[in-house]
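K.L.:
Sequence isn't available, so here's the structure alone:
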């Protein structure tokens, strides 16, 4: 019986592996699937490289294709770039320059297959790999990446006519009439007119900030996985649940279309969160240095402590008991030969449960801790311990620690600091983004201004 069961399990394991191995590879360009099957052959992975039918990739990119049957050579031109490659050769030639290939072009089922990454990157197209869905993700520049993001949300929330109408560009990225309407109604509600200089600056900043995020995320190769998509869905659903029957009415009476609102609050926030996740990972020395600078400029400190508690509104007897115990612990602290001994004393005497979830200490800035604790920490030199510090919680003995510690990357403060660094970086990028307006931009802004006046005159 055991042998039969073992044989069944072995067959099941083999079948399972085969199913996963046969999982098809998908190729997308700017969020749209390239239908390789319609060219007679699905994409295939050979020696870790994805091969696609040559006409599928070249036509998707808008490149010309010439095939020389005698030499089995493909020649393709896109703008000022010419690519040549020959079946079986582990090289392609980009404007005459040799580019080595890990896998050559080859024939599969009578179809010429070419390495998608090498071809795409030779034409300046960015390539990312989504291992979870086995998808080769191609972006034809930052405009293509923007289309990829918008297509994700458009699959969940359809665009209105205002979302589709383009009235300006920020750094080459489209600004919809829905975006302009939001800027117009917000400006009017703040008591400004569109020709006011301060209002112009605010509106341009409004347009530029999302463009900065899209540019940054594109350069970092951020792609949204299934968990990210589910996060966006849940945020949309939460708002629908919160507003109930008033959901549609709320958007009819707000400065935002439904699509534009979720673009800004759900999709872009998820993109930014993905960027922060990437930079919060250990091992990025540049970001670690920037985070330390950020924490120091914002006056962060790090400390561990031993708390001897007493209850809220303690009796004199309870306070005296806590004070006496604290003095005994303080004597042991001051007798330490090295600050590394402080952890053992925390383990033995500390009554603050928060230290268990923050074993590397608290990292905080001004205004985040009770005042006596905060003041005592800032007054300490790094590596020194305090005398008894009394708060409403009891008596504390504090050890101030340096910010520069390998454990810092594992804290929530580190991620918040990364978020701060990224936000500052995006502001700087936004400042350099140029906004260009269509001929009808002013007229459309005036239309939205009249809409605002009508809304509040009724």
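P.N.:
Cool, the structure landed. The model shown is predicted, which means the values in this text are computed figures rather than measured ones.
K.L.:
And the helices in the stretch 151-300 of the chain?
P.N.:
161-164, 177-189, 197-220, 226-243, 247-252, 258-262, 268-280, 285-297 (DSSP state H, counting those that start in this stretch).
K.L.:
what sits up against the first one?
P.N.:
Pointing back at helix 161-164 there. Contact partners of helix 161-164, identified using Cβ atoms under 8 Å, 6 or more residues apart in numbering, comprise 176-178, 181, 257, 259-260. C-beta coordinates here come from the backbone N, C-alpha and C atoms, glycine included.
K.L.:
who wins for most neighbours among these?
P.N.:
Neighbour counts for the contacts of helix 161-164 (other Cβ atoms under 10 Å) peak at residue 177, which has 26 neighbours.
K.L.:
ok, that one - contacts?
P.N.:
Per Cβ under 8 Å, 6+ apart, neighbours of residue 177: 161-163, 165-167, 444.
K.L.:
which among these gets closest to residue 280?
P.N.:
residue 163 (32.3 Å; Cβ to Cβ).
K.L.:
ok, the closest one to residue 256 distance?
P.N.:
Counting by Cβ to Cβ, to the nearest Å, the separation of residue 163 from residue 256 is 10 Å.
K.L.:
Equivalent analysis for residue 393, please.
P.N.:
44 Å.
K.L.:
Check residue 176 too.
P.N.:
With distances taken as Cβ to Cβ, residue 176 is found 11 Å from residue 256.
K.L.:
Repeat that for residue 367.
P.N.:
From residue 367 across to residue 256, the span is 33 Å (Cβ to Cβ).
K.L.:
So the two - more neighbours on which side?
P.N.:
Neighbours were counted for residue 367 and for residue 256 using other Cβ under 10 Å; residue 256 has more, 20 against 7.
K.L.:
which non-adjacent residue is nearest the more buried one?
P.N.:
Closest residue to residue 256 apart from its sequence neighbours, by Cβ to Cβ, 6 or more residues apart in numbering: residue 182 at 5.6 Å.
K.L.:
what residues are up against the one you found?
P.N.:
Neighbouring residues of residue 182 by Cβ under 8 Å, 6+ apart: 206, 255-256, 260.
K.L.:
go again using 7 Å as the cut-off
P.N.:
255-256, 260 (Cβ atoms under 7 Å, 6 or more residues apart in numbering).
K.L.:
got a markdown table for the contacts of helix 161-164, with pLDDT and distance to residue 112 too?
P.N.:
Converted to a markdown table, these look like this (pLDDT from 0 to 100; distance: Cβ to Cβ, whole Å):
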| residue | pLDDT | distance to residue 112 |
| --- | --- | --- |
| 176 | 96 | 41 |
| 177 | 95 | 45 |
| 178 | 95 | 44 |
| 181 | 93 | 49 |
| 257 | 95 | 46 |
| 259 | 97 | 41 |
| 260 | 96 | 44 |
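K.L.:
Closest to residue 219 out of those residues?
P.N.:
residue 176 (23.1 Å).
K.L.:
Quick check on residue 126: phi, psi?
P.N.:
With angles defined as degrees, to the nearest 10, residue 126 sits at phi -80, psi 140.
K.L.:
Looking at strand pairing, list the partners for it.
P.N.:
Legend: beta-bridge partners of residue 126 under DSSP bridges are residue 139.
K.L.:
how many other residues sit next to it?
P.N.:
Neighbour count for residue 126, taken as other Cβ under 10 Å: 17.
K.L.:
and the gap between residue 331 and residue 385?
P.N.:
12 Å.
K.L.:
Give me the more crowded residue out of the two.
P.N.:
Per other Cβ under 10 Å, whichever of residue 331 and residue 385 has more neighbours is residue 385, with 19 against 9.
K.L.:
out of everything not next to it in sequence, what's closest to that one?
P.N.:
Nearest non-adjacent residue to residue 385, counting by Cβ to Cβ, 6+ apart: residue 399, 4.9 Å away.
K.L.:
I'm done for today, thanks for sticking with me.
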